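Visitor: Provided below for reference: sequence and predicted model.
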Amino acid sequence: MKKIVTVTEVEGEGLESLLGEPVCLLCMNYIYVGTLAGVNDRFVLLEDAAVCYETGDWSAKSWKDAQKVGQPLYVVTDKIEAYCRGK
């Protein structure tokens, strides 16, 4: 049997490391993009937020169809399946 015997907590990992950066949040039903402005244990705050209905080519400089929300957007963290730096 293999066991993990030490755990190291690293601060500033995960979503926190992307604060102030453009992000792409792949959630259960939608893809949200914007600048990550806040993170806590229940929500993330996106400024200049948009719902991305069609990404287009992932290597393109912009999203094919991202529609602006027009206000800051709070996304529930337990609905986020994956995330990455945005465009």
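Guide: Alright, I've got the coordinates. Numbers count the residues shown, from 1 in each chain.

Visitor: Relative to Leu19, how far out is the most centrally placed residue in the chain?
Guide: For the chain, the residue lying nearest the average C-alpha position, counting by CA atoms, centre = their mean, turns out to be Leu25 (3.4 Å). According to CB to CB, to the nearest Å, Leu25 stands 14 Å off from Leu19. Yep, even glycine has a C-beta here, placed from its N, CA and C like the rest.

Visitor: With Thr77 instead?
Guide: According to CB to CB, Thr77 and Leu19 sit 14 Å apart.

Visitor: before we move on, which element is the residue nearest to the centre of the chain in?
Guide: Using DSSP states H and E, Leu25 sits in strand 22-27.

Visitor: Adjacent strands (with direction) for the helix or strand that that strand is followed by?
Guide: Stepping forward along the backbone from strand 22-27, the first helix or strand reached (DSSP H and E) is strand 31-39. Paired with strand 31-39 in the same sheet, following DSSP bridges, are strand 22-27 (antiparallel), strand 43-54 (antiparallel).

Visitor: got a list of contacts for the shortest one?
Guide: Contacts made with strand 22-27 from outside it, assessed by CB atoms under 8 Å, 6 or more residues apart in numbering, are listed as 15, 31-36, 44, 46, 52, 75, 79-87.

Visitor: end-to-end on stretch 14-26?
Guide: 14 Å (CA to CA, to the nearest Å).

Visitor: Which positions in that stretch come out as buried?
Guide: Along stretch 14-26, these residues count as buried under the neighbour rule (16 or more other CB atoms under 10 Å): Leu15, Leu18, Val23, Cys24, Leu25.

Visitor: Stretch 31-44 too?
Guide: Ile31, Tyr32, Val33, Gly34, Thr35, Leu36, Ala37, Val39, Val44.

Visitor: ok, now stretch 54-70?
Guide: Quick answer for stretch 54-70 (16+ other CB under 10 Å): Thr55, Trp63, Ala66.
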